[in-house]
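Undergrad: below are the sequence and a predicted model; questions follow.
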Protein chains: 2
Amino acid sequence: MPASPIRKLVPFAEAARRKGIRVIPLNIGQPDIETPPAMLEAVRKADIKVLEYTHSAGNEGYRRKLSDYYRSIGIDVMASEILVTTGGSEAIIFAFMSCLNPGDELIIPEPFYANYNGFAVMAGVTVVPIRSDISSGFALPPIEAFRKALTPQTRGIVVCNPNNPTGYLYSLEEMRALRSLCLDNDLYLFSDEAYREFCYEGTHVSAMHLEGMEQHAVLLDTISKRYSACGARIGALVTKNRGLYESALKFAQARLCPPALAQIMAETAVDLPSDYFEAPRKEYLARRNLLVRRLNSMPGVFCPTPGGAFYAMARLPIDDSDAFCQWMLESFSHQGSTVMMAPATGFYGTVGAGKNEVRLAYVLRQEAVDEAMDCLEAALQVYPGRTC
Amino acid sequence: MPASPIRKLVPFAEAARRKGIRVIPLNIGQPDIETPPAMLEAVRKADIKVLEYTHSAGNEGYRRKLSDYYRSIGIDVMASEILVTTGGSEAIIFAFMSCLNPGDELIIPEPFYANYNGFAVMAGVTVVPIRSDISSGFALPPIEAFRKALTPQTRGIVVCNPNNPTGYLYSLEEMRALRSLCLDNDLYLFSDEAYREFCYEGTHVSAMHLEGMEQHAVLLDTISKRYSACGARIGALVTKNRGLYESALKFAQARLCPPALAQIMAETAVDLPSDYFEAPRKEYLARRNLLVRRLNSMPGVFCPTPGGAFYAMARLPIDDSDAFCQWMLESFSHQGSTVMMAPATGFYGTVGAGKNEVRLAYVLRQEAVDEAMDCLEAALQVYPGRTC
């Protein structure tokens, strides 16, 4: 079981803080955007005598509301096609365990969300990475590369759209190419759409928007980023494939139910004003623009402009991103501050890839992003492993 | 993946309710005991702007409090030896995945908590059941039976104490026998102690009380039953084995964190008055006495007196407990009511075992238990599959 690249540097950050250094956390997608107060108020007002188990698939009332939400974004699903999970993580685990047997293969464009590795280990399946490249902004690799990677064990494709860690927003053409690939080869399309509401260029295309994919598409979702409620641990697995749903429900029954208090929060979220997302989207866009501009103004640094989510991958003039990120916490500070980033190596399935890339989450207010960029710029000037 | 025997009859119960029949749920361990109001009040009062991820191992403050709780019951563990999980379910999954490889074998006295099957499927391991018998009240089978079941693949023993589904409370001698077995054969002892606080005869012996078991004992815990907070989804994996802990932490990091709001609740629970458990224990004892007396007064029925938890297994004069429990919901009512029970077959690993046994959870007030027993008594008089 591999360690999380997002969290493995935590002990070094804790040590830095003990030395009195302010650590600016750009390593993890923990937004500083306020959780909508109405969601927390709903929990405060709930009249609870006994905090009981809920339905294993989640409260029916919440699932009905969720189906309204999905319909509002052009995804026509019923409450009975939605399984509420403990965070998006559990949705992914249930999807893998329901669809795949040990020894099966999953194709994933790399770099990819590192925890897919852990979930694949849990399900006993092998991840087959296909390289997307920073020079093309991490666009979908040519579909021919997917076809070449197919084996008799290939059972599915995982796509995260907009992407974590790259921020890339897949186009309609790219999604259609994946559709053909899945239909031609009877593959599942596992579509992680945690960042759906945060797109800055173009339109989001869900796997559930693709025609004829009823038996193949599995939507993996979460409220963590959508409503800045990461600690709630409420996600969803959505599919029109009944056999898959029934299998996932058995896993859901074994763990009894998703968190009850958080479901109350989540249900309220669906009733937020329809323009709720405008303000956070505008704020993330401003942060993105600031971050990308600052990065690209540093000598030797390249950061393609991400179309969605709140991550950017940057190529740095460094020897080793793991060593660099650790050095930033252990041996560097600038005006009393340093920056925590995620080394890109952990997001690649290919050993050795990503050694000069880091992931930055623009989840902090612009002043903090600016200060973090001051730190990074200063650090790159003195880092002993600088390459150019 | 097998369906949960506790929940698989839910559609029949829903159909009965639609027909206007009152279904008394003795199938599931969902107590009607009030969740301590102070726990819910703590969530109401929490000043939360952003509901953030917590530490993957759970909030450190909560883990420190938990270590106080464990010390108060003679289990000397530090916060760093406690991993907070999403319910006891996740603690079991993490323990299995951290300690076992696919193909490994786990010995479990049967009948056992049915979801162990599902968790074993998730970890790719085989459950080897060893029969405990209703005629001895489901005491631990002779340790010789365990020794005979050992193979080169055997990696651990699972024990639930006090037991779900039988209510049996293992004695110090029985726990010591398990200790010897584990030390002699280098086996993990996975000890599910969800019902620790509800013992009515004798004293609870934790796996963590056993000497020399630091590398072998894994305590699996939950607040669900202890504080009647099943919907919170807060459990814990506790172990002094550092390697095991570090491995489990990687799984915990992959799923990011346990629910944040529920951790606030759980932390408050540790500060409840020290006599908090007396009232629910007294109430469960009265319910147990009523249930066991009523069952044993029915012709052809036998129910041993459980020493703990809030379950009883009863042998009924029936052909097939699955058919009977379904028939109770589909085809029977008494004064407008019927009873939902869990067929014992799902708690046995041995196919065909438990066909004349059911599990009853005495989680409802005494009036409801009494009415349920009226229903059951009337049902047994007219059930077409009655055997004697």
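TA: Everything's here; your move. Numbering: from 1, shown residues only, chains lettered A, B, ... in the order given.
Undergrad: the closest residue to chain B within the stretch 1-150 of chain A: which element?
TA: Chain B sits closest to A:Gly118 of the stretch 1-150 of chain A, with a gap of 3.3 Å, by Cβ to the nearest Cβ. Heads up, the C-betas are built off the backbone N, CA and C, glycines and all. For A:Gly118, the element it lies in under DSSP states H and E is helix A:115-123.
Undergrad: report the angle between that helix and helix B:115-123.
TA: If you take axes from the mean of the first three to the mean of the last three Cα atoms, to 10 degrees, helix A:115-123 sits at 120 degrees to helix B:115-123.
Undergrad: and helix A:115-123, how far from the chain's centre?
TA: On the basis of Cα atoms, centre = their mean, to the nearest Å, the separation between the geometric centre of helix A:115-123 and that of its chain is 14 Å.
Undergrad: can you check stretch A:223-243 too?
TA: For stretch A:223-243, the distance to the chain centre is 12 Å (Cα atoms, centre = their mean).
Undergrad: and that stretch, which residues are buried?
TA: Neighbour-count burial for stretch A:223-243, counted by 16 or more other Cβ atoms under 10 Å in any protein chain shown, picks out A:223-241.
Undergrad: of the residues you listed, which are in range of chain B?
TA: The subset of the buried residues of stretch A:223-243 within reach of chain B, by Cβ under 8 Å from any Cβ of the partner chain, is A:228-233.
Undergrad: between those residues, which is closest to A:Pro142?
TA: Ranked by distance to A:Pro142 (Cβ to Cβ), these are led by A:Cys230 at 34.8 Å.
Undergrad: what residues does the stretch 1-150 of chain A have near chain B?
TA: Counting by Cβ under 8 Å from any Cβ, the residues of the stretch 1-150 of chain A near chain B are A:1-4, A:7, A:28, A:30-35, A:40, A:43-44, A:48-54, A:56, A:86-87, A:89-90, A:93, A:97-98, A:102, A:115, A:118-119, A:122, A:124.
Undergrad: please pick the buried ones from those.
TA: Buried by 16+ other Cβ under 10 Å: A:1, A:3-4, A:7, A:28, A:30-31, A:33, A:35, A:40, A:43, A:48, A:51-54, A:56, A:86-87, A:89-90, A:93, A:97-98, A:115, A:118-119, A:122, A:124, out of those.
Undergrad: contacts only, for the most centrally placed residue in chain A.
TA: The C-alpha lying nearest the average C-alpha coordinate of chain A belongs to A:Asn164 (Cα atoms, centre = their mean; 4.4 Å). Residues in contact with A:Asn164, defined by Cβ atoms under 8 Å, 6 or more residues apart in numbering or on different chains, are A:29, A:113, A:192, A:194-195, A:309, A:311.
Undergrad: now, the residues you listed that are in strands?
TA: Among these, the residues falling in strands (DSSP state E) are A:192, A:311.
Undergrad: which parts of chain A are strands?
TA: Under DSSP E, chain A gives strands at A:22-25, A:82-85, A:105-110, A:126-131, A:154-160, A:188-192, A:217-222, A:235-238, A:311-315, A:337-340, A:342-343, A:357-361.
Undergrad: and the second one, which strands flank it?
TA: What that stands for is strand A:82-85. Sheet pairing of strand A:82-85 (DSSP bridges) gives strand A:235-238 (antiparallel).
Undergrad: again, but for the last one
TA: For strand A:357-361, the paired strands and their directions (DSSP bridges) are strand A:311-315 (antiparallel), strand A:342-343 (antiparallel).
Undergrad: for the closest residue to chain B within the stretch 251-388 of chain A, the count of nearby residues, please.
TA: Here the stretch 251-388 of chain A gets closest to chain B at one residue, A:Ala260, 2.9 Å apart by Cβ to the nearest Cβ. A:Ala260 has 24 neighbours, counted by other Cβ atoms under 10 Å in any protein chain shown.
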